[in-house]
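Visitor: Quick one: sequence plus predicted model below, questions after.
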Amino acid sequence: MRPKLTFDDICDIFEIDAQMKYFYNLADTITRETKGNLVNVRAIVEFSNYCKRNCAYCGLNCHNTTLKRYRMQPEEIIDTALQAADAGYKTVVLQGGEDPEFTADLFAQIIKEIKSKRDIAITLSAGEMTEDEYRTIKKAGCDRYLLKHETTNFEIYSQLHPGYSISDRKECLHTLKRLGFETGGGFMIGLPGQTVETIAHDLEFIASVPCDMAGIGPFIPHPQTPLEKAAPGSTDKTRRAVAIARIMLPEINLPATTSLGVLDMEERNKVFYGGANVIMKKVTPPQYRKLYEIYPVKHGKIKTIAEERAEINRLLESIGKEYD
Ligand code: SF4
């Protein structure tokens with residue numbers, strides 16, 4: 001009989017070390033039952049770094065005037081997605097800032113074009129839209145939508161997103177779910193002012209939607225943001241949160257987030273044995289990659305999409321995982 005975690009149980013998991021082996025094992029057992037030993041590898045195309053929003057933790061925020069902005073052409077986005085499909089990816093994630101040039105109709109055209117040429121699932125991650133706009137995108141064949149809520153705490157959300165509201169964000173997630181998208185939420189660990197209770201509320205929110213996927217990663221400060229001097233989030237707490245999410249929602253898709261790997265690659269690999277079953281890999285053309293930094297990332301040598309995919313496959317094999 002599996003434990004049903006109460007709010008207090010969730011808080012305890014973050015504070016009591018003695019029971020962590022049990023919870024990681026439980027999360028791993030559930031992952032194997034629902035997902036097998038398989039890790040889904042997903043390609044990300046970062047199509048635009050223009051963003052009208054001002055998130056205090058993000059290097060793409062509209063007040064960062066030091067950043068050179070780019071916007072990929074629709075043909076370039078489509079071509080990159082097709083290259084990803086040809087390299088073996090079964091899902092492409094189109095991710096960008098809230099760029100007013102990318103309307104729902106334009107997304108619909110891009111999605112239809114990719115879908116007409118390859119059998120590949122499409123996730124869009126392009127921020128908050130109206131219900132009609134989400135409906136247009138869904139009708140075009142978009143399978144999934146990723147909209148991390150970042151924190152459900154009213155005060156923290158308001159401080160980090162001046163002029164924006166967590167209730168609008170939550171409403172968008174409920175709308176996406178109602179329209180039939182596989183719905184992705186997610187949040188950061190280590191935001192200034194966050195407590196274990198805050199994290200427990202975030203996990204309960206993910207379960208209440210319920211989200212079909214959730215990106216849970218540590219906060220990493222970016223030098224061109226108001227949070228430049230804040231400490232990064234805890235990788236240990238991140239792993240605990242992923243394990244709890246798996247126990248609460250056995251079927252959910254949980255990535256080993258890129259931000260976790262940026263802080264600690266070993267922790268990133270361990271999370272595949274504590275609930276995670278997805279990994280994301282950038283396929284953004286190399287000339288844009290350094291310009292798309294929500295948080296600072298080290299960029300390796302330029303390789304082809306197929307070479308990078310082969311590298312991920314080898315990494316997963318080396319840690320005993322199968323991949324798709
Ligand atoms: S987190 Fe997203 S919405 Fe916020 S500034 Fe960055 S790209 Fe824009």
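Guide: Structure received.
Visitor: residues in contact with G59?
Guide: The neighbours of G59, taking C-beta atoms under 8 Å, 6 or more residues apart in numbering as the test, are L67, H222, Q224, T225, E293, I294, Y295, P296. Using the backbone N, CA and C atoms, a C-beta is placed for each residue, glycine as well.
Visitor: ok, whichever residue of the stretch 201-324 of the chain sits closest to the ligand to R240 distance?
Guide: Closest to the ligand within the stretch 201-324 of the chain is I294: 5.5 Å, counting by C-beta to the nearest ligand atom. Counting by C-beta to C-beta, to the nearest Å, the gap from I294 to R240 is 23 Å.
Visitor: more crowded one of these two?
Guide: In this view I294 and R240 are compared by other C-beta atoms under 10 Å, and R240 has more residues nearby, 26 against 21.
Visitor: Apply the buried test to the contacts of G59 and list what passes.
Guide: In the contacts of G59, burial by neighbour count holds for L67, H222, Q224, T225, E293, I294, Y295, counting by 16 or more other C-beta atoms under 10 Å.
Visitor: Confirm for me that the third one is in contact with L67.
Guide: Yes - taking contacts as C-beta atoms under 8 Å, Q224 lies within contact range of L67: 7.0 Å.
Visitor: picking that back up, point out the least confident one among the contacts of G59.
Guide: Least confident of these in the model: P296, at 89.
Visitor: Just give me the neighbour total for A245.
Guide: Using other C-beta under 10 Å, A245 has 24 other residues around it.
Visitor: List the buried residues for the host helix or strand of it?
Guide: For A245, the host element (DSSP states H and E) is helix 235-248. Judged by neighbour count (16+ other C-beta under 10 Å), helix 235-248 contains these buried residues: 235, 237-248.
Visitor: just the helices in the protein please.
Guide: With DSSP state H as the criterion, the chain has helices at 7-15, 20-35, 74-86, 104-117, 131-139, 154-160, 166-178, 196-208, 235-248, 258-263, 265-270, 286-289, 305-318.
Visitor: and among those helices, the most buried is which?
Guide: When the helices of the chain are scored by mean count of other C-beta atoms under 10 Å, the highest mean neighbour count falls to helix 235-248 (a mean of 24).
Visitor: Which elements pack onto it?
Guide: Helices and strands touching helix 235-248, as assessed by 3 or more C-beta pairs under 8 Å, 6 or more residues apart in numbering; DSSP states H and E, comprise helix 7-15, helix 20-35, strand 182-189, helix 196-208, strand 213-218, helix 258-263, helix 265-270.
Visitor: With mean pLDDT and distance to the ligand as extra columns, can I get these in a markdown table?
Guide: What follows is these, written out as a markdown table (pLDDT from 0 to 100; distance: least, C-beta to the nearest ligand atom, whole Å):
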| stretch | mean pLDDT | distance to the ligand |
| --- | --- | --- |
| helix 7-15 | 96 | 25 |
| helix 20-35 | 97 | 28 |
| strand 182-189 | 98 | 10 |
| helix 196-208 | 98 | 16 |
| strand 213-218 | 97 | 12 |
| helix 258-263 | 91 | 12 |
| helix 265-270 | 92 | 21 |
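Visitor: Pull the contacting residues for the closest residue to G88 other than its chain neighbours.
Guide: Distances taken as C-beta to C-beta, 6 or more residues apart in numbering put R309 closest to G88, at 5.5 Å, once the chain neighbours are dropped. Taking C-beta under 8 Å, 6+ apart, we find R309 in contact with V41, A43, A87, G88, Y89, K281.
Visitor: which residues sit in contact with the residue nearest the centre of the chain?
Guide: Compute the mean C-alpha point of the chain, and by C-alpha atoms, centre = their mean the closest residue is G215, 4.0 Å away. Residues in contact with G215 (C-beta under 8 Å, 6+ apart) are L146, K148, G184, G185, G186, P255, T257.
Visitor: quick one: the residue found closest to G320 once you drop the neighbours it is linked to in the chain and D212, what's the gap?
Guide: Spatial nearest neighbour of G320, excluding adjacent residues (C-beta to C-beta, 6+ apart): N37 at 7.6 Å. Note on N37: its distance to D212, by C-beta to C-beta, is 21 Å.
Visitor: Name the residue in the two with the higher neighbour count.
Guide: Of the pair N37 and D212, D212 is the one with more neighbours under other C-beta under 10 Å, namely 19 against 13.
Visitor: Mind listing the residues bridging to the closest residue in space to that one that isn't next to it in sequence?
Guide: Excluding its sequence neighbours, the residue lying closest to D212 (C-beta to C-beta, 6+ apart) is E182, at 4.2 Å. E182 has these beta-bridge partners by DSSP bridges: R144.
Visitor: Now the residue nearest to G320. Its backbone dihedrals?
Guide: phi -100, psi 20 (degrees, to the nearest 10).
Visitor: Quick check: it touching K321?
Guide: Yes - the pair N37 / K321 is scored as a contact, 6.1 Å apart, by C-beta under 8 Å.
Visitor: Go ahead and confirm K117 touches L82.
Guide: Yes - using C-beta under 8 Å, K117 is in contact with L82, at 5.9 Å.
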